[in-house]
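1. have a look; sequence and predicted model below, questions after that.
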Amino acid sequence: MRKVLLVLLILVAVGLVVADRLGVRIAEDKIGEQVAAQYDLRQRPDVTIHGIPFLTQAIGGDYDHIEVEIGDWTERGVTVSGVKVDMRGVDAPISEVTKGGAANVTARTATASAVVPYDVIKKEAPRGVKRIGPKGDNLEVGLQTVFLGRPFDGTAVVQVKPTARGIAVSPLSVGSDGGPQVPLALVRQQLTWIVPVASLPLGSRISEIQPTPDGLRVAATAENVHLNDLRQQPK
């Protein structure tokens, strides 16, 4: 009898685990479909619901951690890549999820991150900027231009800062490749530009910028957000 009960308990436990994992897969697919349909995304985002067991979270409508990988995102004609939204403390009533809505889905915090490729930054740069790459917390740009009527080949170190208009790029130093030196004050205006990416999904304003080999990794955090705020920006 004990052996029978033990086998039954094992079967029940296995069944609960299978049901839990099946449930989380269904919920992830459902959320991904909703996000793609509601916000006109080109492809369905990958959704990961963290935490075990899933079923207790689903019944209570309270999720500790949900990640949404969106991919490319376009704002004001500028496309960034690798967009991810990391949501903590998500309140998603099971009735809302099952009916395909998002009006009542909220998150205590949502951190969005993305990569702004260097070719995107270069596209917005002034003429004469030939290459862009990371240099510590700043960027180094290769220059081939004309200053004061004379050809100039050299490099400049520029800083990047988040602003309400987008990512502001401005020079810190300029050096020539064997030619005459040019005072920074003379080139400051010519080497200052804006990359018009100010916000990420969920309407959050960019607050962190870090140069990487692939581009500028930017991040933004918003509090007490609604999933409906995850809207596609005009292209």
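-> The structure has been received and is ready for your questions.
2. if we look at stretch 82-91, which residues are touching it?
-> 61-73, 104-115, 200-202, 225, 230 (C-beta atoms under 8 Å, 6 or more residues apart in numbering). Backbone N, C-alpha and C define where each C-beta goes, glycine included.
3. helix or strand next in line after the helix or strand encompassing residue 132, which one?
-> For residue 132, the host element (DSSP states H and E) is strand 129-135. On the C-terminal side of strand 129-135, the closest following helix or strand by DSSP H and E is strand 138-147.
4. pairing partners for the strand holding residue 132, with directions?
-> strand 138-147 (antiparallel) (DSSP bridges).
5. list the contacts for the nearest residue to residue 190 once chain neighbours are set aside?
-> Leaving aside its chain neighbours, residue 190 sits nearest to residue 126 (5.7 Å; criterion: C-beta to C-beta, 6 or more residues apart in numbering). By C-beta under 8 Å, 6+ apart, the contact list for residue 126 reads 190-191, 193.
6. any idea which of these has the most stuff around it?
-> The residue in those with the most neighbours, by other C-beta atoms under 10 Å, is residue 191 (21 neighbours).
7. quick one on the thing from earlier: just the ones of the contacts of stretch 82-91 in helices?
-> Among the contacts of stretch 82-91, DSSP state H puts none in helices.
8. ok, of the residues you listed, which come out buried?
-> 61, 63, 66-68, 70-71, 73, 105-107, 110-115, 200-202, 225, 230 (16 or more other C-beta atoms under 10 Å).
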